[in-house]
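Trainee: task: produce atomic coordinates for the following.
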Amino acid sequence: MAGWYNYPPSRPRKTKGGIKAQSKRGAFGKSWWAKRWIEVLESFNIGARLSRGRSYARRGQVLSVDIDKGIVLAKVQGSRTRPYKVEIHVKTLSEAAWKKLAKTLSQRAVFTAKLLAGEMPEQIEEAFEEAGLSLFPKKRGDLKTECSCPDWSNPCKHIAAVYYLLGEEFDRDPFLIFKLRGMEREELLELMGGQTTAAPPQEEEAPPLPEPLPVEAESFWGQPPAEEDTGGTVVIPPMPAALPRRLGNFPFWRGEENFLSAMENVYCKASSVGLEVFLGDRDAEALKKK
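Mentor: The predicted model follows:
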């Protein structure tokens, strides 16, 4: 009788509306912090399950991912009818550890400026080490994973798929790493602000009363009345979807096409039509009926 190890690998059921990785081939994660997260997974030496996990992530087998402080809950569709439940527990830092870190960070203005701007400082790991801490899980005990699948290996391919998608999500929002370690970005900034001793407020003289506003339109606006044609030069923006580009990718994108690529296509078409309507080359009412 053949042993269980001779059975061919099972194939996952096809899914609709699953979370698909933005990466179609090659490595996951573009930023240094996303790559560091992936390095932790790959250090577990789980062999072929890594490639299967990448395949699951790219095929959209992960149905949902919920992130909270110290824990990630996900559902992954495997070969069985019911999706498997995945849990990733990350060891959170204590309140005292976060206060110590906040003190270290507040001593460098560049850290405060970067965090306020929504950016991850490049030397943030050095600050963690200076405080005797680690931003990423360092040892196996800092990271515990569970899956309801029958695979004896832990982490399995389902856990690996979620792990890879988290790496891509860290590209979009690096401060999710802080959340997994037990603190939101806003909470850390508040702690950092509490580390600085502000000087006592000084009494100021009451400001003089403002002069009354002029009644004449020309004096009020500081310029002569505008001509009827106030449109100026209207052109199509040289870079489509500039605002979505600044906002970044949509959280855990589920579409078949890359989010920003899809938005660029929409903006390009809308810009040309909008320009034609503005110049009178198209009837806006006729467009509404289409």
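Trainee: packing partners for the helix ranked longest in the chain?
Mentor: In the chain, assigned by DSSP state H, the helix with the most residues is helix 259-278. On a contact count with 3 or more CB pairs under 8 Å, 6 or more residues apart in numbering; DSSP states H and E, helix 259-278 meets helix 242-247, helix 284-289. Bear in mind the C-beta positions are built from the backbone N, C-alpha and C, glycine included.
Trainee: pLDDT below threshold where in the stretch 101-250 of the chain?
Mentor: Along the stretch 101-250 of the chain, segments meeting pLDDT under 70 span 194-207, 209-210, 213, 215, 217-232, 245-250.
Trainee: go again with 80.
Mentor: Applying pLDDT under 80 to the stretch 101-250 of the chain flags residues 118-119, 122, 138-142, 194-250.
Trainee: what sits against the spatially closest residue to residue 120 that is not a sequence neighbour?
Mentor: Distance criterion CB to CB, 6 or more residues apart in numbering; nearest residue to residue 120, sequence neighbours excluded, is residue 174 at 3.9 Å. Contacts here follow CB atoms under 8 Å, 6 or more residues apart in numbering; on that basis residue 174 touches 31, 33-34, 119-120.
Trainee: again with residue 279
Mentor: residue 234.
Trainee: quick one on the thing from earlier: and the residue nearest to residue 120, how close does it get to residue 20?
Mentor: 21 Å (CB to CB, to the nearest Å).
Trainee: which residues in this structure form helices?
Mentor: Going by DSSP H, the chain shows helices at 32-42, 48-59, 95-106, 109-116, 124-130, 157-172, 176-180, 185-194, 217-221, 242-247, 259-278, 284-289.
Trainee: quick check: which of the ones you listed is buried the most?
Mentor: The highest mean neighbour count among the helices of the chain, using mean count of other CB atoms under 10 Å, belongs to helix 157-172: a mean of 26.
Trainee: does anything pack onto that helix? Which helices or strands?
Mentor: helix 32-42, helix 48-59, strand 62-68, strand 71-76, strand 84-90, strand 143-147, helix 176-180.
Trainee: turn the contacts of residue 174 into TSV, including distance to residue 149.
Mentor: Output for the contacts of residue 174, formatted as TSV (distance: CB to CB, whole Å):
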residue	distance to residue 149
31	30
33	29
34	26
119	38
120	33
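Trainee: which members of those are the farthest-apart pair?
Mentor: Largest separation among those by CB to CB: 34 and 119, giving 14.0 Å.
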